[in-house]
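>>> Sequence isn't available, so here's the structure alone:
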Ligand code: HEC
Ligand SMILES: [Cu+2]
């Protein structure tokens, strides 16, 4: 359902950034309507004002202002017409917003890590894209490559500056809130420490687009940029498999963590319960706990690892899992999550 003709254009106009997704076109439609409605209202209000000023100007010394208490018809109109207009704009915005927040099942997932002041992109095959520094010591923003016309889902986290230190170390190195903003896609999402947030888009125009951090996050906030390069599916597949391609897929790293961090001692992969519940089929399942029912998603798994006692799984209330805060890194948690996703 298209509400407004979208002019697909990868070129920025005087007023707006390029339009590289269908949602960006729909967003422009709503924005254009608001702009036009505001302009028409403005002209109408000013014209009426000028007309009344002239028509009802004071003509003589003993001109008296008429005494009018109210006018039902007028009062109803100036409440009802704006109400209808606002509900129309609200519904229109709601439709576009719900499209932005409804995640396609088959989306390509890419992990995004924000820190002061940089972005890092991690693909499931382990390929990682980071910023670099050129010959003049100037920061070169990282470029996330994505396939044309395919939905992409970003799983985003804000982390501390040193990715490989365990969580309890370097407490002064705090993570802060960032915001992942792609003007050409008209999408923006806060990236928050301590939980995962998500965003999706489907780029329909090849090209390179800017990513900005849209939440003031300190000294180098201005320089916290990245790029998204939209290429054909073939080109994307080649790129993904090429230079620096992950030697170790995320799920494989997760399997190693499972063995090395002793998870293996209490969790099976084949469906049999052990000291703790099995991981088989855990992903996306509704888990019964002492705090109620929860869907096993990224946040649930992360919390289960860092604060196992926050929610005790039904049937395992008396078993103990040691908290892994301080002995596991965010990268390892991400890998365990990807590993658990594969255990259908
Ligand atoms: C000493 C045994 C033990 C070890 C070691 C252990 N766990 Fe657990 N784990 C448990 C128990 C018991 C539960 C269920 C009780 C609870 O929720 O705290 C659990 C629950 C979980 C859950 C939630 C499972 C569900 O079905 O909802 C996850 C995820 C998890 N552990 C991950 C890990 C990871 C990752 C590791 C290794 C880094 C690990 N565990 C190591 C005992 C352990
Ligand atoms: Cu930032």
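Arrived safely. This one's a predicted model, so the numbers in the text were calculated from it and none came from an experiment. Numbers count the residues shown, from 1 in each chain. Ligands and ions are numbered 1, 2, ... in the order given.

>>> where do the helices sit along the stretch 51-200 of the chain?
72-101 (DSSP state H, counting those that start in this stretch).

>>> Could you give the bridge partners of the residue in it positioned nearest to ligand 2?
Using C-beta to the ion, residue 178 is the residue of the stretch 51-200 of the chain that sits closest to ligand 2, at 3.4 Å. All C-beta atoms are positioned from the backbone trio N, CA, C, and that covers glycine. With DSSP bridges as the criterion, residue 178 is bridged to residue 191.

>>> Kindly report the same for the one 4 residues further on.
In this structure, residue 182 has beta-bridge partners residue 187, where bridges are defined by DSSP bridges.

>>> Residue 305 should be in a helix, yeah?
Yes: under DSSP: H, G, I helix; E, B strand; the rest coil, residue 305 falls within a helix.

>>> Make residue 1 into 59 and carry on from there
Renumbered: residue one is now 59, and that last one reads residue 363.

>>> Show the average pLDDT along stretch 309-319.
The average pLDDT within stretch 309-319 is 95.

>>> likewise stretch 95-113?
On average, stretch 95-113 scores 96.

>>> for the stretch 259-402 of the chain, what spans make up the strands?
Applying DSSP state E, counting those that start in this stretch to the stretch 259-402 of the chain gives strands spanning 265-271, 284-289, 344-347, 350-353.

>>> looking at these, which is buried most?
strand 284-289 (a mean of 21; mean count of other C-beta atoms under 10 Å).

>>> hang on, the earlier thing: how many neighbouring residues does the residue of the stretch 109-258 of the chain closest to ligand 2 have?
30 (other C-beta atoms under 10 Å).

>>> The strands of the stretch 259-402 of the chain: which one's closest to ligand 1?
strand 344-347 (4.2 Å; C-beta to the nearest ligand atom).

>>> by contact count, what packs against the closest one?
strand 350-353 (3 or more C-beta pairs under 8 Å, 6 or more residues apart in numbering; DSSP states H and E).

>>> chain center to the strand it packs on: distance?
23 Å (C-alpha atoms, centre = their mean, to the nearest Å).

>>> re earlier: distance to ligand 1 added to the strands of the stretch 259-402 of the chain, as JSON lines?
Shown next, in JSON lines, are the strands of the stretch 259-402 of the chain (distance: least, C-beta to the nearest ligand atom, whole Å):
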{"stretch": "strand 265-271", "distance to ligand 1": "30"}
{"stretch": "strand 284-289", "distance to ligand 1": "30"}
{"stretch": "strand 344-347", "distance to ligand 1": "4"}
{"stretch": "strand 350-353", "distance to ligand 1": "8"}
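
>>> For the closest residue to residue 247 other than its chain neighbours, which residues are in contact?
Among residues not flanking residue 247 along the chain, residue 257 sits closest, at 4.2 Å (C-beta to C-beta, 6 or more residues apart in numbering). Contacts for residue 257 (C-beta atoms under 8 Å, 6 or more residues apart in numbering) come out as 211, 212, 214, 238, 245, 247.

>>> sorry, back to before: from ligand 1, how far out is the residue of the stretch 109-258 of the chain closest to ligand 2?
According to C-beta to the nearest ligand atom, to the nearest Å, residue 236 stands 26 Å off from ligand 1.

>>> tell me the contacts of that residue?
Contacts of residue 236 (C-beta under 8 Å, 6+ apart): 172, 216, 248, 249, 271, 273, 275, 282.

>>> Farthest pair within those residues?
248 and 282 (13.7 Å; C-beta to C-beta).

>>> Show me which of those two is the more surrounded one.
For residue 248 and residue 282, the more surrounded residue by other C-beta under 10 Å is residue 282, and the numbers stand at 24 against 16.

>>> so what's the nearest residue to that one once chain neighbours are set aside up against?
For residue 282, ignoring the flanking residues on the chain, the nearest one in space by C-beta to C-beta, 6+ apart is residue 271 at 3.8 Å. Going by C-beta under 8 Å, 6+ apart, residue 271 touches 172, 175, 177, 236, 237, 238, 239, 279, 282, 283.

>>> out of those, which is most surrounded?
Result: residue 236 is most packed of the contacts of residue 271 (other C-beta under 10 Å), 30 neighbours.

>>> Just the pLDDT for it.
96.

>>> ok, now how distant is it from residue 259?
17 Å (C-beta to C-beta, to the nearest Å).

>>> got a list of what residue 379 touches?
Contacts of residue 379 (C-beta under 8 Å, 6+ apart): 324, 334, 362, 366.

>>> filter these by proximity to ligand 1?
324, 334, 362, 366 (C-beta under 6 Å from any ligand atom).
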